[in-house]
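In: Sequence first, then the predicted structure:
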Amino acid sequence: MTTRVGIIVLSGTLDKVLPAFVIGTTAAAMGMEVGMFFSFYGINVLHKEKYKNLKVAPVGNPAMTMPFPVPQILTVMPGMVDFATSMMKNMMKKNKVPQLEDLIQQAIDLDIKLFPCNTALQLFGYKAEDLLEGVEKPVGASTFLNFVNQADKPIVLNF
Amino acid sequence: MTTRVGIIVLSGTLDKVLPAFVIGTTAAAMGMEVGMFFSFYGINVLHKEKYKNLKVAPVGNPAMTMPFPVPQILTVMPGMVDFATSMMKNMMKKNKVPQLEDLIQQAIDLDIKLFPCNTALQLFGYKAEDLLEGVEKPVGASTFLNFVNQADKPIVLNF
Amino acid sequence: MTTRVGIIVLSGTLDKVLPAFVIGTTAAAMGMEVGMFFSFYGINVLHKEKYKNLKVAPVGNPAMTMPFPVPQILTVMPGMVDFATSMMKNMMKKNKVPQLEDLIQQAIDLDIKLFPCNTALQLFGYKAEDLLEGVEKPVGASTFLNFVNQADKPIVLNF
């Protein structure tokens, strides 16, 4: 029985995107076939320039651990998003969690199909040539669902 | 082999609700049987009045694209949620993405089962008659899970 | 045909964690085998002390219903997260929705496997002995995916 894992990435923040790739690359390394569909804010993950600037948001996220107590009101001060993002990146680097760049490359090396959503491209005004090399042609949700549904055991997750 | 797609809608913001319906209606148009379960904030989607006022939140969402740079602190100013919401609605209209109203109607036309969660109704103090016509009777999570599990290939997503 | 439900908990806020447990315990009570994988902020749910202090965030959440209108800017005032959290807890208590403590105990009683993610432990600097009794040994994502994939019908959800 074949298993196919489909991962929908709708969020454009690192606290969603990184786990999506960790699950995807783990499944692929276990021998499952994996396809990832990038829509809405998630399309930025496949954009040549934008993927370098994905952020983590401390605002509205009381689960975010800060090294010192930060009153909620300070989390909206200019600079806090950048601060939280670099803090998380350092924490992950220190603990040898792979960075987004490495995870995208791993995904391509493991033959994970990276599907850009064509509606999202249109919404953000991006062109196919703005996207990273190695991704699939832009498709609609039906191509992604069809990919997953061809397996005996389809698993779909969304981030 | 039959495929059933179950979609759990727990969020009440447009950036989650619209993709949920896009995936659901796409799956149904492809011939899959689809059921959507609306719980927590998601119950508002099926409320006769509330569904018209769902919003998009720019606060805490650094992936939200604004037409001009907005310092994080300004995103909590009165008016910003409404501004972001109308901006997104316009962007989607311009790109011919269907509006929520159309998507709900499409879902009903495609025989998607829209299950209101009875606990959520109770939590928000809504009555069955406050809900849109064409939705199922309020049920618990077990009815929804049972619907999905009757297929050979169950797929469940949550938004 | 066996069904296994895998639930990934990446969020550490009550508005995600409670629904995750409600779905999990419902599935287990229906006879499905259930495993829950706690990673990223979700690891706090299994922490002996931290799980008592999970919060609900009103900031950035325009779907949050307040008993009176609250301008968006006030939702970042000190105290609002605590206020929203205690309001939600009261609302749930009044409506006899089980509290997190009860749901964790129910999960253990129903033989739901509670897997702590070992990378998340490392990221937050927690030790295995900081975790609640009755949880599994810390594992990686592959152990969790393998658990789910052993069924004829794997269902995976993430919160």
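Out: Nice, thanks for sending it over.
In: so who does residue A:88 touch?
Out: A:14, A:15, A:56 (Cβ atoms under 8 Å, 6 or more residues apart in numbering or on different chains). C-beta coordinates here come from the backbone N, C-alpha and C atoms, glycine included.
In: Just the local confidence number for the second one, please.
Out: The score at residue A:15 is 86. That number is its pLDDT.
In: so it makes contact with residue C:13?
Out: No - Residue A:15 lies out of contact with residue C:13 (Cβ atoms under 8 Å); the separation is 12.0 Å.
In: And residue A:3, how far from residue B:157?
Out: Per Cβ to Cβ, to the nearest Å, residue A:3 is found 17 Å from residue B:157.
In: related to what we said a few turns ago, in JSON lines, list the contacts of residue A:88 along with secondary structure.
Out: Converted to JSON lines, those look like this (DSSP: H, G, I helix; E, B strand; the rest coil):
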{"residue": "A:14", "secondary structure": "helix"}
{"residue": "A:15", "secondary structure": "helix"}
{"residue": "A:56", "secondary structure": "coil"}
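In: just those that are near chain C?
Out: Among the contacts of residue A:88, the residues lying close to chain C (Cβ under 8 Å from any Cβ of the partner chain) are residue A:15.
In: can I get the contacts of residue A:88 in CSV with neighbour count?
Out: Shown next, in CSV, are these (neighbours: other Cβ atoms under 10 Å in any protein chain shown):
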residue, neighbour count
A:14, 22
A:15, 22
A:56, 22
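In: tell me which of the contacts of residue A:88 is nearest to chain B?
Out: Nearest to chain B among the contacts of residue A:88: residue A:56, at 7.9 Å, using Cβ to the nearest Cβ.
In: For the residue most central in space within chain A, which non-adjacent residue is spatially closest?
Out: Centroid-nearest residue in chain A, with Cα atoms, centre = their mean: residue A:17, separated by 2.8 Å. Closest residue to residue A:17 apart from its sequence neighbours, by Cβ to Cβ, 6 or more residues apart in numbering or on different chains: residue A:45 at 5.5 Å.
In: repeat for residue A:124
Out: residue A:43 (5.9 Å).
In: shouldn't the one you found be in contact with residue A:117?
Out: Yes - counting by Cβ under 8 Å, residue A:43 touches residue A:117, with 6.3 Å between them.
In: Quick one: the strands in chain A, in order.
Out: A:3-9, A:33-38, A:113-116, A:153-158 (DSSP state E).
In: To chain B, which of those lies closest?
Out: Per Cβ to the nearest Cβ, nearest to chain B of the strands of chain A: strand A:153-158, 4.9 Å.
In: helices and strands around the closest one, which ones?
Out: Applying 3 or more Cβ pairs under 8 Å, 6 or more residues apart in numbering or on different chains; DSSP states H and E, one finds that strand A:153-158 makes contact with strand A:3-9, helix A:141-149, strand B:153-158, helix C:141-149, strand C:153-158.
In: and of those, who's closest to residue C:97?
Out: strand B:153-158 (17.9 Å; Cβ to Cβ).
In: Name the strands paired with that closest one and say parallel or antiparallel.
Out: Looking at strand B:153-158 with DSSP bridges, its partner strands are strand B:3-9 (parallel).
In: Which strand residues bridge the closest residue to residue A:144 other than its chain neighbours?
Out: Closest residue in space to residue A:144, ignoring its immediate chain neighbours: residue A:37 at 4.1 Å, by Cβ to Cβ, 6+ apart. Note on residue A:37: beta-bridge partners residue A:8, residue A:115, judged by DSSP bridges.
In: Residue A:37 and residue B:15, how far apart?
Out: From residue A:37 to residue B:15 the distance is 16 Å (Cβ to Cβ).
In: What of residue A:46?
Out: 18 Å.
In: Let me see the contact set for residue A:94.
Out: Applying Cβ under 8 Å, 6+ apart, no residues contact residue A:94.
In: And residue A:142, by the same measure?
Out: B:26, B:29, B:30.
In: Just give me the closest of those residues to residue C:87.
Out: Using Cβ to Cβ, the contacts of residue A:142 come closest to residue C:87 at residue B:26, 37.3 Å.
In: The closest one reaches residue A:143, doesn't it?
Out: No - Residue B:26 lies out of contact with residue A:143 (Cβ under 8 Å); the separation is 9.8 Å.
In: Can you read off the pLDDT for residue A:107?
Out: 98.
In: Revised request: answer the last question for residue A:91.
Out: The predicted local confidence for residue A:91 is 74.
In: got it, and residue A:12?
Out: pLDDT, residue A:12: 88.
In: how near is it to chain C?
Out: 14 Å (Cβ to the nearest Cβ, to the nearest Å).
In: and the closest residue in space to residue A:54 that isn't next to it in sequence, what does it touch?
Out: Spatially, and ignoring its direct neighbours in sequence, residue A:54 is nearest to residue A:14 (5.1 Å; Cβ to Cβ, 6+ apart). When contacts are counted by Cβ under 8 Å, 6+ apart, residue A:14 touches A:54, A:55, A:56, A:85, A:88, A:89, A:100.
In: quick one, what contacts residue A:8?
Out: A:36, A:37, A:39, A:42, A:144, A:156, A:157, A:158, A:159, B:19, B:23, B:157.
In: From those residues, list the buried ones, please.
Out: A:36, A:37, A:39, A:42, A:144, A:156, A:157, A:158, A:159, B:19, B:23, B:157 (16 or more other Cβ atoms under 10 Å in any protein chain shown).
In: Isn't the third one up against residue B:19?
Out: Yes - between residue A:39 and residue B:19 there is a contact under Cβ under 8 Å: 6.5 Å.
In: list the residues that contact both of the two?
Out: In contact with both residue A:39 and residue B:19: A:8, A:10, using Cβ under 8 Å, 6+ apart.
In: Point to the helix or strand of chain A where mean pLDDT is at its lowest.
Out: Ranked by mean pLDDT, DSSP states H and E, the weakest helix or strand in chain A is helix A:80-94, scoring a mean of 73.
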